[in-house]
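Colleague: Make a model of this:
(2 chains)
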Amino acid sequence: MLQLTPQTIRIIDVYDDGTHARHFTFEPKSFVHDEAISIGQFFMLTLPGAGLAPFTYTSIPDKAGRFNALIRNVGHLTKQLFSLGKGDILGYNGPFGRGWPVELVNHKEVLIVAGGCGLAPVASAIDYLINNGSSNSVTLLYASFDIPSQVLKKERVRWSSSINLFETLEVGGESDHCGLPTQYLSQLCNEDDGYPDIVLTCGPEPMMMAVAKSCVGLGLKTSDIWMSIERRMRCGVGLCGHCYVANSYACKQGPTYRYDEFMALENKTVAFEKYQGLYQYC
Amino acid sequence: MIEVNNMLNNKFLINDLDVLKYHLTKCYSVVQIQKDVNGQELWTEQLGDKRPPLFGHDHLPLTSPKGFLFAEKEVLYKFDGETFETILPQVQPKVLFGVQACDLSAIAYQDKFFEHDPYYQKRREHILLVGIDCESPCASGFCVEVDAGPHVKDNTADLVLSRLSVDDTNDSSNWLMIAQTEKGVNSIKDMMLDKADNMHLKERRKMLEKVRSEFVDYSYIRNAIEYLNSNSVPAQLWEELSVRCLGCSGCTNLCPTCSCYSTYEVVDKKTVTPSSISNEVKLEVTQSETIRCWDSCLFEGFQKEASGHNPSQKAGQRVERFWFHKFSDEYLPEFHRYGCVGCGRCEQTCPGSIGVHSVMKRIDQQCCS
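Modeller: Residues are numbered from 1 along each chain as shown, chains lettered A, B, ... in the order given. Now for the predicted structure:
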């Protein structure tokens, strides 16, 4: 039987990152994860009195079970969460879903395109690649709205010494670091400098779709592009129905989808006009 | 369910269903179709009163018995300030007495969907299903088109009742009763019953053939299912249909297979001084309960995320989603049937007249022309 009741975790550290986001370090209270957590999986947080919602691991649990999450203050649940501090207790269910295909990524040319808080779900993948000696083959294209909305500053500083890091801002960037991430893809995927073997992208859904489409236009295969989809969720185990993508549930078959699989799902229903207008970084 | 169709001695004759019901009340409380004070026919738990149950084709009630298995609202767990505690439902054995084939097919569908849900299964294991063969098509029903009726499908009920004949002289009927599961066999094992034989089974088959032949032509439903699955219904048609969707959730509430839910919190909290980390007022929860309740994919906010991003922003997308979930072949490998059991309740209840018949007719007409 599924266990819908959360286990108890405690906040043991918090610090702000950018203007709207905050790092939380959680520690399990009298439980251990009985299964290994894959990079890119997610968990459900129950905030007593406020509700429950899915969040990503910015770092997967260490030996003591401690893990981090970068959380943006964006709705009523996160507003309540931001009012909590060290020592406060929350509910936790997880890990859930399918993570990044790290076994495919190792020792390959990897392009990671992240937008806003979409950097959080790829952070542990970047750390994994660096720790596995693959840093030379990793490029991170990080796009944000403006400087205050950039996240994971400490990590980006650390990463910049080992991976190829390129940043762009929609507002306030210098001339060669401004605009949308799609503007820079041709620079990063071309015949002279070589195509990436695999692309991982996470950010606002319209951004991921635009990135994937551009990559395909530049000559990449749809099966070499992976994305992490965000959906509203109320369970994490394929019951509540909220996170549907055609006949799949993002909490089970996702949140990581291969672009061709995702498009095949999308094509099972009619294409309504969407992804129009500017996308908002989350 | 354990298949006992091949079991010997599982077919009986009975001419007084009250005797059966009385026998079952020794172990089960009775849930049956009854009229409420407004004359609405609903699945109702019989509490003391002895109003007669309503049976058969004339009485497909507005509600299905879904709520007795997948509760409309139930506590999942509670928080006492330190830990979370599972609250499984406290349930007494119940018999759902006289469930039609469509609703039984829906229960079988939900049994599969909620196979690992401890709340559903706790209720389910305490329920005995007494099914009943329909004797003629009901007003909106098209169970024949979706393999859900009119006769009770194998292994969807514990006991199946099928009326063989009516004795007008004393207003009584002769019923064939088939125990389809071990649970069904056990529920009647102390009863003194006459055995039925192959002749009675033949009579049942004959009656069912007659009922099947009485259904009107629902070829537009067959055609529309085909169009839906070839993805040839244009977005514009979904948008036109969706103008009539009020987002009232009538269809999803009454649909016996709809299973989407949301959660909310009931809380006993007190306000305390803000802690050092934040300027927000900190709400210290002393005790809370997490409750789940039926939700609807037709609500605008069903998929809306905190950021404002809504993958199903357009009403047309949501209407299409509902019908995709009911008729897409994509679900067949998992459920071995469509998500629609042909009860027609959505048609009866939809204030915008976009229930199943209206929608399927429209698809058939538009995509044919």
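
Colleague: What's the local residue count around residue 194?
Modeller: Let's take chain A. Using other C-beta atoms under 10 Å in any protein chain shown, A:Gly194 is surrounded by 11 other residues. All C-beta atoms are positioned from the backbone trio N, CA, C, and that covers glycine.

Colleague: actually it's chain B I care about, not the one you picked
Modeller: Count around B:Asp194 with other C-beta under 10 Å applied: 11.

Colleague: for A:Arg22, same thing?
Modeller: For A:Arg22, the tally of surrounding residues (other C-beta under 10 Å) stands at 20.

Colleague: remind me, longest strand of chain A?
Modeller: strand A:7-17 (DSSP state E).

Colleague: List the buried residues in that one.
Modeller: Buried positions in strand A:7-17, judged by neighbour count with 16 or more other C-beta atoms under 10 Å in any protein chain shown: A:7-11, A:14, A:17.

Colleague: Can you list the low-confidence ranges for the chain?
Modeller: If you meant another chain, say so; for now it's chain A. Residue ranges of chain A with pLDDT under 70: A:274-282.

Colleague: wrong one, chain B
Modeller: Using pLDDT under 70, the flagged stretches of chain B are B:1-8, B:48-58, B:269-285, B:369.

Colleague: Where is the longest helix in it?
Modeller: Identified as the longest helix of chain B according to DSSP state H is helix B:198-214.

Colleague: Can you tell me what sits against the helix or strand just after it?
Modeller: Next helix or strand after helix B:198-214 toward the C-terminus (DSSP states H and E): helix B:219-229. The contact list for helix B:219-229, computed with C-beta atoms under 8 Å, 6 or more residues apart in numbering or on different chains, reads B:142, B:145, B:233, B:323-324, B:327-329, B:338, B:356-357, B:359-361, B:363-365, B:367-368.

Colleague: Run a quick neighbour tally on the residue in chain A that chain B sits nearest to.
Modeller: Nearest residue of chain A to chain B (C-beta to the nearest C-beta) works out as A:Gly75 at 2.8 Å. Residues within reach of A:Gly75, counting by other C-beta under 10 Å, total 18.

Colleague: so who does the closest residue to chain A within the stretch 251-369 of chain B touch?
Modeller: Nearest residue of the stretch 251-369 of chain B to chain A (C-beta to the nearest C-beta) works out as B:Ala306 at 2.8 Å. Contact analysis of B:Ala306 by C-beta under 8 Å, 6+ apart lists A:53, A:74-78.

Colleague: Assign it to one of the three secondary structure states.
Modeller: coil (DSSP: H, G, I helix; E, B strand; the rest coil).

Colleague: Tell me where chain B has strands.
Modeller: According to DSSP E, the strands that chain B contains are B:11-14, B:29-35, B:41-45, B:73-79, B:84-86, B:94-100, B:127-132, B:159-167, B:172-179, B:194-195, B:261-272, B:282-294.

Colleague: Dump the ones you listed to a markdown table, plus distance to A:Cys251.
Modeller: Formatted as a markdown table, these follow (distance: least, C-beta to C-beta, whole Å):
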| stretch | distance to A:Cys251 |
| --- | --- |
| strand B:11-14 | 45 |
| strand B:29-35 | 33 |
| strand B:41-45 | 31 |
| strand B:73-79 | 16 |
| strand B:84-86 | 20 |
| strand B:94-100 | 31 |
| strand B:127-132 | 28 |
| strand B:159-167 | 37 |
| strand B:172-179 | 40 |
| strand B:194-195 | 51 |
| strand B:261-272 | 14 |
| strand B:282-294 | 15 |
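
Colleague: Those strands: which one's closest to A:Met209?
Modeller: Nearest to A:Met209, of all the strands of chain B, is strand B:261-272, at 27.3 Å by C-beta to C-beta.

Colleague: From the recorded domain assignment, give the ranges for chain B.
Modeller: B:11-65+B:90-216, B:220-257+B:311-368 (automatic domain parsing).

Colleague: okay if I get these as CSV plus distance to A:His23?
Modeller: Listed next are the domains of chain B as CSV, based on distance: least, C-beta to C-beta, whole Å:
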stretch, distance to A:His23
domain B:11-65+B:90-216, 34
domain B:220-257+B:311-368, 28
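
Colleague: Which among the ones you listed is found nearest to A:Leu165?
Modeller: Closest to A:Leu165 of these, according to C-beta to C-beta: domain B:220-257+B:311-368, at 30.4 Å.
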